[in-house]
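[1] Fold the following, please.
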Amino acid sequence: MTEKMTALLATLARTTTFDEAATATLRAMLATADEALRGSPFAARGKLLRAMAHLRPADGYRQLTVVEHAPEPSDEEEPESAPEPEAAPSYLPSATAWRWVAEHRCAVSIDVQLRQVKPHAQDVGALVQKGIAGEPFNSKESRQRLLGRQATHVHALPLRMPGGSIDGMISLEANCRPAMGSDFIWLACTERLQLLADLAAPYLAALPLGPVAASAADEFLPVIGPTMASTVEMLRVFAQQEETILLSGPTGAGKSRLARWCKEQSRRKGGAFESLDLVTVPEDLQMAELFGWKRGAFTGALRDNSGYVARAQGGTLFIDEVDKLSMRAQAGLLHLLEERSYRPLGEGAGERRADVRFLVGTNTDLHRKVQEGRFREDLYYRINVLPIKVPPLDARADEIPLWAAYMLERRHRETCPDGTSRLDPEAHRALVQHRWPGNLRQLDNIVRRAYTLALLSHGAAPREVLLHAEHVERALDYEASGAPRSPTELLHEAAQSFVLAASQREGGLDLDLGDAFKGFVLGTAIVELGSREDAFRLFGRGALVESRNHYKTLKRELEKVEALYRALGQEGRFPFRALLEG
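    All right, here's what the predicted structure looks like:
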């Protein structure tokens, strides 16, 4: 064993990328496991298949490296023919294995056929006393995937870093059906395997990822910079599977766009795509929006509503801001993910099947919310199978000019379909040097504001628009002081935008559409406060609440907002659909 460790250490010292170090480590661990197999009762009936290194610090996947086992045949053995390559290898982790490795900091083995998990901790008795040893392996997707690649036994070991963090795991897969219900070879070699993993862990965490060829941009992801290339390639692999993807990252970083891109990369490309932003849904309506309702199911349910799950049937559902779910709705989502079934509110006996691929987004630390008791632990591990961390725009400076050019072109084509637009080099420089706490959403606002300023200097929309640094700097000046802008300033800017939109349309716009402001205020207040009644009382309309007339008033005001979106050709962006239909 000392010789193996010395040889691996010498190899690791020469590696320059994560892939090189991971490959060397996995080969050493497969050789160690192979020795244990040859000396076991299963030598003639078992076979090691592969080993995988999963690097996922801070709950975000960075890299996955796979090494297939190819032992040298003995003189008496006929060399095996190479297996047919899979069209889309499903080398994804077991959520159960990762949960054990991350939570209990020990190696774990899974008997896939028997559906049983066994820890390999120094103090197994302590785990037994906690009632967590021998936990069943209940994930149907993971079990089917493992058996599909002929793995009957899995052994996973933590990548333990200096300082105590667990930044990933190494898993080994084997095929040996006669070993069902036994320890197979893992008990005999887990200590040696863990030594190799501990030796390699600092190298795997510190070494950079290998170079990744730049992905071709498309209409769903029009900008892919070098800093995002490896993340996008990892996401491309995950998108082709059926497991839940968790997209975490700051608000405005582009999670919704990535979710739609994932759908287009998946086998459900031709299916529906639904996006539910829980920030816009009051807690008491979350279950209803997810599962739908029958007329009369609750006060205000004036007609049937199919719900997001039903509308996404056969396709993909993106649930953003999942941390906003109430505890009751969390239980409902967990049942949906585990059983793939649900029941609309007010419907009789029986449940409907959900043929849906789920993507989930959050801008908070879900694990911390679990520790605080505000998010269910079982749901956390159920959605944390394939986590991807979306970095903030400040960490993707190479993308800022590209995104700005894309946003400018998109904005200009709304008013001049055959026009052209560009930013001068000084405008690029001003954008790159600015901080972007609001990420892509903030950048889009700045570009739109600078575009409006450029058009105001022309008096009408020209065919060709050039954004100068002065336009960008004026747009940025609104935020430079950090002081909040007054409502009158914002209203004046909104009026300028309304006038500009009217001047660019034949026949202008109906002035009555300006009445939509009241609906914007009410809708935003309800989303912020989570209560219709509190929103009306906030603006001195408590009498409407007492007479129960606030529902009609809200409907009337929101319909004005919807009419404005319709007049501007932006029906799909109407933000208060849930409030209007609820």
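[2] could you pull out the strands for the stretch 351-500 of the chain?
    Read by DSSP state E, counting those that start in this stretch, the stretch 351-500 of the chain holds these strands, from start to end of the chain: 352-353, 357-362, 386-389, 420-423, 464-467.
[3] which residues in the stretch 301-450 of the chain form helices?
    Ranges of helices in the stretch 301-450 of the chain, per DSSP state H, counting those that start in this stretch, are 307-311, 327-339, 366-371, 377-383, 400-415, 425-433, 439-458.
[4] what's the neighbour count on T152?
    The number of residues packed around T152, counting by other Cβ atoms under 10 Å, is 23. In this view, the C-beta of every residue, glycine as well, is placed from N, C-alpha and C.
[5] Would you check that Y451 makes contact with V465?
    Yes - counting by Cβ atoms under 8 Å, Y451 sits close enough to V465 to count as a contact (6.9 Å).
[6] hey, what's in contact with both of the two?
    L408, H412 (Cβ atoms under 8 Å, 6 or more residues apart in numbering).
[7] Output the strands of the stretch 351-500 of the chain as JSON lines; include the columns mean neighbour count, mean pLDDT and distance to H335.
    Converted to JSON lines, these look like this (neighbours: other Cβ atoms under 10 Å; pLDDT from 0 to 100; distance: least, Cβ to Cβ, whole Å):
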{"stretch": "strand 352-353", "mean neighbour count": "14", "mean pLDDT": "94", "distance to H335": "12"}
{"stretch": "strand 357-362", "mean neighbour count": "25", "mean pLDDT": "97", "distance to H335": "13"}
{"stretch": "strand 386-389", "mean neighbour count": "21", "mean pLDDT": "92", "distance to H335": "21"}
{"stretch": "strand 420-423", "mean neighbour count": "18", "mean pLDDT": "92", "distance to H335": "49"}
{"stretch": "strand 464-467", "mean neighbour count": "18", "mean pLDDT": "90", "distance to H335": "51"}
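[8] just so I know, which of those strands lies nearest R50?
    Using Cβ to Cβ as the criterion, the shortest distance between R50 and the strands of the stretch 351-500 of the chain is 18.8 Å, found for strand 386-389.
[9] Now do the same for stretch 246-253: mean pLDDT, whole number.
    Per-residue pLDDT over stretch 246-253 has a mean of 94.
[10] ok, and what's touching that stretch?
    By Cβ under 8 Å, 6+ apart, the surrounding residues in contact with stretch 246-253 are 59-60, 255, 258-259, 359-363, 366, 383-393, 438-442.
[11] do the same with stretch 544-552
    With Cβ under 8 Å, 6+ apart as the criterion, stretch 544-552 contacts G300, R532, E533, F536, R537, R541, T553.
[12] Just the ones of the residues you listed in helices?
    Among the contacts of stretch 544-552, the ones falling in helices (DSSP state H) are R532, E533, F536, R537, T553.
[13] Now do the strands in the stretch 201-350 of the chain.
    Using DSSP E, counting those that start in this stretch, strands in the stretch 201-350 of the chain cover 245-248, 273-277, 316-320, 341-342.
[14] Format those strands as TSV; extra columns: mean neighbour count and distance to Y308.
    What follows is the strands of the stretch 201-350 of the chain, written out as TSV (neighbours: other Cβ atoms under 10 Å; distance: least, Cβ to Cβ, whole Å):
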stretch	mean neighbour count	distance to Y308
strand 245-248	25	17
strand 273-277	19	5
strand 316-320	24	6
strand 341-342	18	10
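[15] a markdown table for those, including distance to W403?
    Putting the strands of the stretch 201-350 of the chain into a markdown table (distance: least, Cβ to Cβ, whole Å) gives the following:
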| stretch | distance to W403 |
| --- | --- |
| strand 245-248 | 18 |
| strand 273-277 | 20 |
| strand 316-320 | 20 |
| strand 341-342 | 37 |
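[16] out of these, nearest to A151?
    Comparison of those against A151 by Cβ to Cβ identifies strand 245-248 as nearest, at 22.2 Å.
[17] ok, the closest one: who's next to it in the sheet?
    Counting by DSSP bridges, the strands paired with strand 245-248 are strand 357-362 (parallel), strand 386-389 (parallel).
[18] Turn those into JSON lines, including distance to L157.
    Rendered in JSON lines, the data for the strands paired with strand 245-248 read as follows (distance: least, Cβ to Cβ, whole Å):
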{"stretch": "strand 357-362", "distance to L157": "28"}
{"stretch": "strand 386-389", "distance to L157": "20"}
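[19] Okay, and the beta partners of the residue nearest the centre of the chain?
    Among the residues of the chain, the one closest to the centroid is L247, at 1.6 Å (Cα atoms, centre = their mean). According to DSSP bridges, the residues that bridge with L247 are G361, I388.
[20] about what we covered before: min pLDDT across the contacts of stretch 544-552, which one?
    G300 (77).
[21] Compute the distance between it and V281, please.
    The gap separating G300 from V281 is 14 Å, by Cβ to Cβ, to the nearest Å.
[22] The two: which is more packed in?
    V281 (25 against 13).
[23] Show the pLDDT at E78.
    On the pLDDT scale, E78 is placed at 46.
[24] Then N305?
    pLDDT recorded at N305 is 89.
[25] about what we covered before: which of the strands of the stretch 201-350 of the chain sits closest to I170?
    Nearest of the strands of the stretch 201-350 of the chain (Cβ to Cβ): strand 245-248, 21.6 Å.
[26] that older thread, out of the strands of the stretch 351-500 of the chain, which gets nearest to P158?
    With Cβ to Cβ, the closest approach to P158 among the strands of the stretch 351-500 of the chain belongs to strand 386-389: 16.5 Å.
[27] Show residues contacting that closest one.
    56, 58-61, 92, 231, 234-235, 238, 241, 243-249, 258.
[28] now, which of those residues lie within helices?
    Assigned to helices by DSSP H, the following of the contacts of strand 386-389 qualify: T231, M234, L235, F238, L258.
[29] pull the helix or strand with minimum mean pLDDT from the protein.
    When the helices and strands of the chain are scored by mean pLDDT, DSSP states H and E, helix 124-129 comes last with a mean of 48.
[30] How about stretch 431-439, which residues are buried there?
    Neighbour-count burial for stretch 431-439 flags L431, H434, W436, G438, N439 (criterion: 16 or more other Cβ atoms under 10 Å).
[31] ok, so what distance separates G168 from G210?
    According to Cβ to Cβ, G168 stands 16 Å off from G210.
[32] who's more crowded, the two?
    When G168 and G210 are compared for neighbours, G168 comes out ahead with 28 against 14, by other Cβ under 10 Å.
[33] any idea whether that one is helix, strand or coil?
    strand (DSSP: H, G, I helix; E, B strand; the rest coil).
[34] go on, R50?
    Using three-state DSSP, the structure places R50 in strand.
[35] ok, and the closest non-adjacent residue to it?
    Of all residues not flanking R50 in the chain, E68 sits nearest, at 4.9 Å (Cβ to Cβ, 6 or more residues apart in numbering).
[36] State the number of residues packed around the one you found.
    Counted with other Cβ under 10 Å, the neighbours of E68 add up to 13.
[37] now swap in R573 and tell me
    One way to gauge burial is a neighbour count; for R573, by other Cβ under 10 Å, it gives 8.
[38] That one and E562 touch, don't they?
    No - proximity of R573 to E562 does not meet the contact threshold set by Cβ under 8 Å, at 10.6 Å.
[39] Double-check Q150 against N175; I have them as touching.
    Yes - Q150 sits in contact with N175 when judged by Cβ under 8 Å, with a separation of 4.8 Å.
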